[in-house]
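Trainee: Based on what follows, work out the 3D shape:
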Amino acid sequence: MRLINLFQSLKSSSQVQIVRYSSEYVPKALRSLKAKSTRNTVQYYVDSFRVRAVGGSGGDGCISFLSAWCKDHAGPDGGDGGNGGHVIFQATYAAKSLNHCKSVVQALPGERGFNKDCNGKNSQHVIVPVPIGTIIRDETGRVVGDLNSEGVMFVAARGGAGGRGNKFFLTDTEQAPSVAELGAKGESNVYVLEVRSMAHVGLIGYPNAGKSTLLRALTRARPTVAPYPFTTLRPHIGMVPYDDYEQVAIADLPGLIPGSHKNYGLGIQFLQHAERCRGLIYLLDGAQDPQEQYEVLRYELSQYSEALGRRPSTLVINKIDLPEARKTYEILKDKMSVIGVSAKTGLNLDLLLQVVRKMYDSESS
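Mentor: Numbering: from 1, shown residues only. Sure, this is the predicted structure:
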């Protein structure tokens with residue numbers, strides 16, 4: 001009764017404010033106030049991996065002759081060997097990268113046959129979960145598998161068949177066969193796994209442009225931040241949660257320098273990472289010459305792939321908390337469509353998050 005009276009008094013009070021959102025409400029990212037962990041749990045995103053798949057060998061057949069108490073020579077009773085296990089790659093939403101993959105994946109062999117017509121057990125298949133959109137290439141670079149939907153499987157290495165026991169070779173003319181088969185060897189193949197789409201948005205920029213700092217500010221990812229170039233050698237992925245329960249993946253890619261399409265710096269490896277992002281954010285250092293940086297970045301991407309140069313993108317000038325960067329931003333915003341942010345102080349990050357969401361929605365539709 002007291003709770004009802006309290007609710008009625010609050011309802012009639014002028015201090016209570018009822019907020020009604022319109023249908024044009026634009027979701028903003030949920031920024032957690034919880035402090036980030038200080039433990040060293042940094043995990044790199046692996047979007048390309050070389051793996052050798054080895055199928056299990058089949059079990060050997062058994063050579064045996066039954067000797068019962070009432071009949072010494074009752075005939076052959078050797079059982080068959082079990083089949084070896086396959087190595088299978090399966091696409092699933094549960095896997096986000098190839099971090100968990102091992103360089104050698106080997107299935108167990110089948111069990112050998114036993115006497116008294118007992119066959120050996122078949123080995124279990126080894127199923128390796130991979131992200132949806134994984135492309136499988138053989139040693140020659142030819143695409144042999146495209147796991148583009150949930151549950152699709154690719155048999156990477158078949159297990160060997162089990163050998164027949166001597167009971168199988170019993171005939172009218174051969175009543176006591178002393179021969180059995182050996183189990184077949186499993187296949188051994190080498191593949192290169194590539195994740196076609198690693199993130200929704202990728203951060204493109206020069207070394208020390210502030211990509212890692214921006215990713216730390218937008219997400220709970222903790223890439224290394226240091227005042228020297230090429231701090232990021234492998235891509236980091238951070239998830240931006242929005243209050244409509246949609247999540248956008250942002251990738252911090254290694255820095256790009258002039259001549260990357262000729263394999264300078266991290267070169268082709270970097271450009272392959274950028275090719276697997278649906279949209280791009282050109283992060284320009286406002287303390288330098290942003291326009292020159294943008295022209296070089298566009299040229300390098302177009303030289304590597306024309307389709308990559310036409311990918312949806314937006315321009316962001318970082319470090320506008322510095323006076324010289326702020327001045328440069330004020331000049332450039334009249335010439336081109338740019339967003340000025342400060343990853344260090346968090347200035348204009350809400351505006352950037354809205355642009356990221358619009359880019360994500362346009363790609364999803």
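
Trainee: ok, how many other residues are close to S302?
Mentor: 14 (other Cβ atoms under 10 Å). Using the backbone N, CA and C atoms, a C-beta is placed for each residue, glycine as well.

Trainee: My reading is that it lies in a helix. Confirm?
Mentor: Yes. Per DSSP: H, G, I helix; E, B strand; the rest coil, S302 lies within a helix segment.

Trainee: Quick check: it touching S313?
Mentor: No. If you go by Cβ atoms under 8 Å, S302 and S313 don't touch, sitting 11.9 Å apart.

Trainee: dump the residue contacts of the spatially closest residue to F169 that is not a sequence neighbour.
Mentor: In this structure, F169 finds its nearest non-sequential neighbour in P177, 3.9 Å apart by Cβ to Cβ, 6 or more residues apart in numbering. When the contact criterion is Cβ atoms under 8 Å, 6 or more residues apart in numbering, the partners of P177 are 76, 166, 169-171.

Trainee: Let's see the pLDDT reported for P177.
Mentor: On pLDDT, P177 comes in at 88.

Trainee: how close does it sit to T328?
Mentor: As judged by Cβ to Cβ, to the nearest Å, P177 and T328 stand 88 Å apart.

Trainee: would you list every one of the strands in this protein?
Mentor: Using DSSP state E, the strands of the chain run over 48-54, 87-92, 104-106, 126-131, 134-137, 143-147, 153-157, 188-195, 199-204, 236-241, 247-252, 277-285, 313-318, 338-340.

Trainee: what would these look like in CSV with distance to E324, mean neighbour count and mean pLDDT?
Mentor: Putting the strands of the chain into CSV (distance: least, Cβ to Cβ, whole Å; neighbours: other Cβ atoms under 10 Å; pLDDT from 0 to 100) gives the following:
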stretch, distance to E324, mean neighbour count, mean pLDDT
strand 48-54, 39, 19, 93
strand 87-92, 49, 21, 95
strand 104-106, 53, 15, 95
strand 126-131, 42, 19, 94
strand 134-137, 44, 20, 92
strand 143-147, 48, 16, 91
strand 153-157, 53, 20, 95
strand 188-195, 39, 19, 92
strand 199-204, 22, 26, 85
strand 236-241, 28, 20, 83
strand 247-252, 25, 23, 85
strand 277-285, 11, 23, 88
strand 313-318, 12, 23, 90
strand 338-340, 13, 22, 89
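
Trainee: would JSON lines of the ones you listed with distance to W69 be doable?
Mentor: JSON lines is the format used below for these (distance: least, Cβ to Cβ, whole Å):
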{"stretch": "strand 48-54", "distance to W69": "45"}
{"stretch": "strand 87-92", "distance to W69": "46"}
{"stretch": "strand 104-106", "distance to W69": "44"}
{"stretch": "strand 126-131", "distance to W69": "44"}
{"stretch": "strand 134-137", "distance to W69": "57"}
{"stretch": "strand 143-147", "distance to W69": "57"}
{"stretch": "strand 153-157", "distance to W69": "46"}
{"stretch": "strand 188-195", "distance to W69": "47"}
{"stretch": "strand 199-204", "distance to W69": "72"}
{"stretch": "strand 236-241", "distance to W69": "69"}
{"stretch": "strand 247-252", "distance to W69": "71"}
{"stretch": "strand 277-285", "distance to W69": "75"}
{"stretch": "strand 313-318", "distance to W69": "85"}
{"stretch": "strand 338-340", "distance to W69": "91"}
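
Trainee: pLDDT below threshold where in the stretch 251-365 of the chain?
Mentor: In the predicted model of the stretch 251-365 of the chain, residues 255-270, 364-365 satisfy pLDDT under 70.

Trainee: what do you get for the stretch 1-150 of the chain?
Mentor: In the stretch 1-150 of the chain, residues with pLDDT under 70: 1-45.

Trainee: From what I see, H236 and A251 are in contact.
Mentor: Yes. Judged on Cβ under 8 Å, H236 makes contact with A251 at a distance of 7.1 Å.

Trainee: how far away is H73 from F65?
Mentor: 7 Å.

Trainee: Between those two, which contacts overlap?
Mentor: Contacts common to H73 and F65, judged by Cβ under 8 Å, 6+ apart, are A176.

Trainee: follow-up on the earlier one: list just the nearest of the contacts of P177 to P223.
Mentor: Nearest to P223 out of these is N166 (Cβ to Cβ; 62.9 Å).

Trainee: contacting residues around that closest one?
Mentor: Applying Cβ under 8 Å, 6+ apart, the residues near N166 are 61-64, 76, 78, 177-180.

Trainee: From the contacts of P177, keep the buried residues only.
Mentor: Among the contacts of P177, those classed as buried by 16 or more other Cβ atoms under 10 Å are 76, 166, 169.

Trainee: now these as JSON lines including distance to V105?
Mentor: Below are those laid out as JSON lines (distance: Cβ to Cβ, whole Å):
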{"residue": "P76", "distance to V105": "37"}
{"residue": "N166", "distance to V105": "34"}
{"residue": "F169", "distance to V105": "35"}
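
Trainee: Break this protein down into its structural domains.
Mentor: 46-196, 199-364 (automatic domain parsing).

Trainee: related to what we said a few turns ago, give me the more crowded residue out of H73 and F65.
Mentor: Using other Cβ under 10 Å, the more surrounded residue of H73 and F65 is F65, with 17 against 10.

Trainee: Who does the more buried one form a beta bridge with?
Mentor: P76 (DSSP bridges).

Trainee: which residue is nearest the middle of this structure?
Mentor: The chain has S97 as the residue nearest its centroid, 2.0 Å off, counting by Cα atoms, centre = their mean.

Trainee: returning to that earlier point: can you tell me which of the buried ones among the contacts of P177 is closest to K344?
Mentor: N166 (77.4 Å).
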